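Colleague: Got a predicted structure plus its sequence, pasted below:
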Amino acid sequence: MLAARTRISSVISKRTFATVAKESPKQPDQKFKVVVVGGGPGGLSVSSTVSKLLGKNQVAVIEPSSKHYYQPLWTYVGGGLKDFKDSVKPMADVMPLNAEWIQDKVTTFDPDHNTVTLADGQTIGYDYLVVAAGIQINWENIKGLKESLGKDGVTSNYDADSVQKTYKFLQEFKGGNALFTFPNSPLKCPGAPTKMAFLAEEALRISGVRDKTNVIYNTAAGKIFGVDHYGKVLQKLADERNIKLNFQHELVEIDANNHQAVFKNNANGGELKSFEYDFIHVAPPQGPPKFIKESKLADAAGWVDVSKDTLRHNKYKNVFALGDCSSLPTSKTAAAITAESGVLKWNLISDIQGKNEKQAVYDGYTSCPLIVGRDELILAEFSGYTGQPLETFPVDQRRISKVSQYLNKEVIPAIYWNGLLKGSWAGPGTFRRLFDPLRPKRDN
């Protein structure tokens with residue numbers, strides 16, 4: 001009887017131990033004070049500043065790509081105004097010297113145990129996590145687009161290969177229908193499709209085929225630009241340049257064999273309508289990266305669920321996010337990242353240093369430099385939270401400006417490479433405050 005009890009006790013003990021062992025989290029393969037997911041502008045800005053503060057072996061950047069692109073330049077590339085090579089650098093050249101670069105993909109997050117898992121199976125532990133993983137382009141959501149992209153007049157400035165063909169297609173264009181699209185989804189740089197329509201219309205005038213061309217902009221949105229302060233000026237300009245806008249028209253298919261683009265008219269019960277094209281620039285549907293959408297960090301829509309004020313996760317307080325992958329209800333632009341990064345770094349560093357400081361608050365600042373010609377730009381700056389202008393300069397920035405075009409084309413790229421990525425540029429807020437006494441009263 002005693003022997004039987006001993007055996008039963010031994011079995012129970014083993015089972016209990018196995019259960020406890022199973023539930024205990026596995027020790028990570030590597031551990032860092034701060035782990036940053038993403039080597040785009042947000043991730044590099046944060047990791048540059050924090051790794052300078054903490055020194056080596058404390059900050060890791062997880063980024064699979066070998067190249068870093070300054071994508072705001074791609075509109076100029078597509079318009080024939082910049083070389084593609086000006087938009088790209090090796091990732092190794094922009095990675096912070098004090099940060100550990102882990103060149104792999106994150107597949108899963110385990111915020112309950114402060115780890116992420118990589119595609120190679122390794123687990124990386126952290127005290128603090130910053131998610132700056134960008135946005136996912138869903139080419140497959142438009143039937144026939146992936147197969148036709150970069151061929152026979154079908155292009156998109158949202159693709160590194162295709163953008164290099166956009167201007168070539170425009171040069172080869174001899175007349176007909178030039179179509180431009182805007183998706184029924186969030187997207188990075190939401191002004192980019194509109195900019196391309198204006199640049200292409202000008203290019204067709206210069207090449208002498210404008211009188212043989214219908215320039216058609218089919219947008220899934222209800223107006224040309226989300227902020228009326230600038231949108232009214234854009235709409236007037238589109239009318240003057242005979243750019244035909246069709247609102248709530250969502251691209252659903254490219255029939256390349258017949259040169260037909262099929263749109264769903266969401267203002268008319270989803271009725272399908274085909275447009276013949278000779279040239280088409282597609283802004284593809286976009287959304288949260290799958291590995292974020294399927295994680296515990298995501299909100300209902302799939303974005304990293306953070307406070308719109310502090311950029312701290314609403315559940316996991318040692319997790320932060322910025323940029324396109326975040327739930328921040330503002331336009332997804334590089335300009336927004338400048339201001340977001342300053343707020344995030346203040347709050348993160350306060351935590352790391354154990355300071356009980358007042359949290360920095362993000363005001364929704366974003367900017368969309370609206371290129372409307374080779375030497376013409378409307379510098380839209382506003383809060384994505386309020387829709388109200390947050391302009392830097394003490395002038396009416398709705399006016400078309402050559403100076404703003406030069407600033408955006410030549411000066412801001414240098415600030416991006418040498419300021420934002422190195423953690424020393426957090427947006428133009430300081431300059432805006434300096435100019436405030438000189439700012440005329442706005443007449444909306």
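Modeller: Yep, it's here.
Colleague: Count the neighbours of Val36 for me.
Modeller: Burial measure for Val36: 31 neighbouring residues, criterion other CB atoms under 10 Å. Placement of C-beta: from N, CA and C, glycine included.
Colleague: Helix or strand: which one has it?
Modeller: Using DSSP states H and E, the element containing Val36 is strand 30-37.
Colleague: quick check: mean pLDDT across the helix or strand hosting Ile216?
Modeller: Using DSSP H and E, Ile216 sits within strand 213-219. The pLDDT scores in strand 213-219 average 98.
Colleague: hey, where'd the helices end up in the stretch 151-300 of the chain?
Modeller: 163-172, 192-206, 228-240, 290-293 (DSSP state H, counting those that start in this stretch).
Colleague: Of all those, which one is nearest Leu434?
Modeller: helix 228-240 (22.2 Å; CB to CB).
Colleague: doesn't Ser326 make contact with His313?
Modeller: No. Contact criterion CB atoms under 8 Å: His313 and Ser326 do not qualify, at 9.7 Å.
Colleague: And for stretch 222-237, what's in contact with it?
Modeller: 190-191, 194, 198, 217, 238, 245, 247-248, 331, 368, 370, 372, 378, 380, 382, 387-389, 398, 444 (CB atoms under 8 Å, 6 or more residues apart in numbering).
Colleague: Buried only: go through these for me.
Modeller: 190-191, 194, 198, 217, 238, 245, 247-248, 331, 368, 370, 372, 378, 380, 382, 389, 398 (16 or more other CB atoms under 10 Å).
Colleague: In strands only, show me those residues.
Modeller: 217, 245, 247, 368, 370, 372, 378, 380, 382 (DSSP state E).
Colleague: Closest one to Ser162 out of these, please.
Modeller: Ranked by distance to Ser162 (CB to CB), those are led by Tyr217 at 18.6 Å.
Colleague: Specify the beta-bridge partners of that closest one.
Modeller: Phe180, Leu245 (DSSP bridges).
Colleague: Hmm, Ala133 is touching Trp303, no?
Modeller: No. Ala133 lies out of contact with Trp303 (CB under 8 Å); the separation is 10.4 Å.
Colleague: picking up where we left off before, which one of the helices of the stretch 151-300 of the chain lies closest to Phe263?
Modeller: Across the helices of the stretch 151-300 of the chain, closest to Phe263 is helix 192-206 (CB to CB), at 14.1 Å.
Colleague: Distance from the chain centre to that closest one, please.
Modeller: 22 Å (CA atoms, centre = their mean, to the nearest Å).
Colleague: tell me the mean pLDDT for it?
Modeller: 98.
Colleague: helices and strands around that helix, which ones?
Modeller: Helix 192-206 makes packing contacts with helix 74-78, helix 163-172, strand 176-182, strand 213-219, helix 228-240, strand 243-247, strand 279-281, strand 365-373 when contacts are defined by 3 or more CB pairs under 8 Å, 6 or more residues apart in numbering; DSSP states H and E.
Colleague: Need the ones you listed in CSV (columns: distance to Ile62).
Modeller: Below are the helices and strands packed on helix 192-206 laid out as CSV (distance: least, CB to CB, whole Å):
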stretch, distance to Ile62
helix 74-78, 25
helix 163-172, 26
strand 176-182, 32
strand 213-219, 35
helix 228-240, 37
strand 243-247, 40
strand 279-281, 33
strand 365-373, 26
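Colleague: For Trp346, which of these is the nearest?
Modeller: Among the helices and strands packed on helix 192-206, strand 365-373 sits nearest to Trp346 (CB to CB), with 14.7 Å.
Colleague: what lines up beside the closest one in the sheet?
Modeller: Short version: by DSSP bridges, strand 365-373 pairs with strand 376-383 (antiparallel).
Colleague: more crowded one of His313 and Ser326?
Modeller: In this view His313 and Ser326 are compared by other CB under 10 Å, and Ser326 has more residues nearby, 29 against 22.
Colleague: In the protein, where is pLDDT below threshold?
Modeller: 1-25, 442-444 (pLDDT under 70).
Colleague: Check the burial of the spatially closest residue to Asp127 that is not a sequence neighbour by counting its neighbours.
Modeller: Closest residue in space to Asp127, ignoring its immediate chain neighbours: Lys33 at 5.1 Å, by CB to CB, 6 or more residues apart in numbering. Counted by other CB under 10 Å, the residues lying close to Lys33 total 18.
Colleague: likewise Pro289?
Modeller: For Pro289, using other CB under 10 Å, the count is 23.
Colleague: Over to Asp112?
Modeller: Other residues close to Asp112 by other CB under 10 Å number 9.
Colleague: how much space between the nearest residue to it once chain neighbours are set aside and Pro288?
Modeller: Closest residue to Asp112 apart from its sequence neighbours, by CB to CB, 6+ apart: Lys296 at 7.3 Å. Distance, Lys296 to Pro288, by CB to CB, to the nearest Å: 14 Å.
Colleague: Equivalent analysis for Lys273, please.
Modeller: If you go by CB to CB, the gap between Lys273 and Pro288 works out to 30 Å.
Colleague: Run the chain-centre distance for stretch 335-342.
Modeller: Taking mean C-alpha positions (CA atoms, centre = their mean), stretch 335-342 and its chain are 12 Å apart.
Colleague: My error: substitute stretch 435-444 in the last question.
Modeller: 30 Å.
Colleague: Give me the contacts around that stretch.
Modeller: 229, 389, 391-394, 396.
Colleague: Export that stretch to CSV, keeping only CA atoms.
Modeller: Once non-C-alpha atoms are left out, stretch 435-444 reads as follows in CSV (Å, rounded to 0.1, in the frame of the first residue of the first chain):
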residue,chain,number,x,y,z
PHE,A,435,7.4,82.3,-36.3
ASP,A,436,4.1,82.6,-34.3
PRO,A,437,4.5,86.3,-33.5
LEU,A,438,4.9,87.1,-37.2
ARG,A,439,2.0,84.9,-38.3
PRO,A,440,-1.0,86.8,-39.9
LYS,A,441,-4.4,86.1,-38.6
ARG,A,442,-5.8,83.3,-40.8
ASP,A,443,-8.9,83.7,-42.9
ASN,A,444,-10.3,80.2,-43.3
